[in-house]
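# Everything below, folded, please.
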Amino acid sequence: WGNGRDGRTLFGALSTEARGRVRAFVDIDAKRIGTTYENHALSGARSAPVVGPGDPRARPPCIVAVGTRRAAESSGMGELERNVASLGDVVEGTNTWYFC
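Okay, the predicted model is just below:
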């Protein structure tokens with residue numbers, strides 16, 4: 001989720017100051033975790049590590065940029081929401097925002 005196309009686009013759209021405050025991209029793709037995202041077309045802060053939900057850097061405030069938000073019919077909480085909830089004190093609209 002976090003280091004996909006939409007997350008990278010959102011990162012590039014942030015001001016240099018805001019990009020400098022990005023701790024990490026939080027992703028669930030094992031191929032991306034442990035890498036560093038770099039955009040050499042940007043000036044100033046242009047990179048961030050890619051970490052999994054259990055990493056200490058994976059905590060609010062955060063932006064979760066996903067193509068589709070899925071929710072389980074029975075609980076209203078799908079895999080995405082469970083992973084985001086694992087980040088800690090998550091309050092949607094206060095320290096966590098979804099962009100779909």
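# Run through the residues that contact Arg19.
Taking Cβ atoms under 8 Å, 6 or more residues apart in numbering, we find Arg19 in contact with Phe11, Leu42, Gly44, Ala45, Arg46, Ala48. Just so you know, the C-beta spots here come from the backbone N, C-alpha and C atoms, and that holds for glycine as well.
# Below-threshold pLDDT in this structure: ranges please.
1, 61-64, 66-77, 98-100 (pLDDT under 70).
# And the strands in it?
Applying DSSP state E to the chain gives strands spanning 25-26, 36-38, 47-51, 62-65, 96-99.
# Nearest to Gly4, out of those strands?
strand 62-65 (7.0 Å; Cβ to Cβ).
# How about Gly7: what's its closest non-neighbour residue?
Excluding the flanking residues, the one nearest Gly7 by Cβ to Cβ, 6 or more residues apart in numbering is Ala65, at 3.9 Å.
# The one you found: neighbour count?
Neighbour count for Ala65, taken as other Cβ atoms under 10 Å: 21.
# Does it touch Gly12 like I think?
No: when contacts are counted by Cβ atoms under 8 Å, Ala65 is not listed as touching Gly12 (11.4 Å).
# and the gap between Val90 and Arg57?
15 Å (Cβ to Cβ, to the nearest Å).
# Show me which of the two is the more surrounded one.
The neighbour count for Val90 versus Arg57, taken as other Cβ under 10 Å, is higher for Val90 (17 against 14).
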